[in-house]
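Chemist: Starting from these lines, generate the structure:
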Amino acid sequence: MFGHKNKRSPSDVIDVYICSGIAIEGDLSYESSAIIEGNFNGNIKKGRYLTAAENSHITGNIQVDHMVICGCVTGNINAAKSVNVKKTAKIYGDIETPELNLAKGAVFTGKFKMLSKQLQEIVSIEQRIFDTVKSNAKMTR
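Modeler: Numbers count the residues shown, from 1 in each chain. Purely as a prediction, here's the structure:
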């Protein structure tokens, strides 16, 4: 109770929310989490967590840390940590990640490449450098 701070994980913070019935075109870059329930046409870069909801349609290449797919993705996915593909998902493109969970009933048309431990470490170091530079830039403003 006393001295306890309510700490939130990055997945608790939603930077971007595209609701059902909305269509957006362009590239997307965000810090913590994004949830897409509508249509998104463009590339997604540098996010930590991305959820493609059941009725979502994403067309473009995706580069995030973690991704959960319940909807339709047309494009290549590069996830530094994990991809969780639910049974309602449809993926038309390649997946590159160290951890893949593919549910029975999901549609996946593409190639899967598992990232090596060495590459995971490089991606992790790059992310820490990116976070440090970004944090320092905010402090100087």
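
Chemist: rest of the way, CA atoms for contacts and neighbours
Modeler: OK.

Chemist: what sits up against the helix or strand harbouring Val64?
Modeler: In the assignment (DSSP states H and E), Val64 maps to strand 62-69. Residues from elsewhere that reach strand 62-69, judged by CA atoms under 8 Å, 6 or more residues apart in numbering: 43-54, 75-86, 89.

Chemist: again with stretch 46-56
Modeler: With contact meaning CA under 8 Å, 6+ apart, stretch 46-56 is reached by 10-11, 20, 29-40, 58, 63-72, 88-89.

Chemist: Off-centre distance for it?
Modeler: Relative to the chain's own centre, stretch 46-56 is displaced by 6 Å; criterion: CA atoms, centre = their mean, to the nearest Å.

Chemist: Quick check: Ala79 touching Glu96?
Modeler: Yes: look at Ala79 against Glu96 with CA atoms under 8 Å: they come within range, at 6.3 Å.

Chemist: Of those two, give the one with the bigger neighbour count.
Modeler: Comparing Ala79 with Glu96 by other CA atoms under 10 Å, the one with more neighbours is Ala79, at 27 against 20.

Chemist: So in that sheet, which strands flank the helix or strand containing the more buried one, and in what orientation?
Modeler: Using DSSP H and E, Ala79 sits within strand 77-85. Sheet partners assigned to strand 77-85 using DSSP bridges are listed as strand 62-69 (parallel), strand 95-97 (parallel), strand 100-102 (parallel).

Chemist: Which one of the ones you listed lies nearest to Thr132?
Modeler: Thr132 lies closest to strand 62-69 among these, at 16.8 Å (CA to CA).

Chemist: Tell me the gap between that closest one and the middle of its chain.
Modeler: With CA atoms, centre = their mean, you get 2 Å for strand 62-69.

Chemist: what's the distance between the following helix or strand past it and the middle of its chain?
Modeler: Once strand 62-69 ends, the next helix or strand along the chain (criterion: DSSP H and E) is strand 72-74. Distance of strand 72-74 from the chain centroid (CA atoms, centre = their mean) equals 13 Å.

Chemist: who does strand 72-74 pair up with?
Modeler: If you go by DSSP bridges, strand 72-74 pairs up with strand 57-59 (parallel), strand 90-92 (parallel).

Chemist: Sweet, I'm off.
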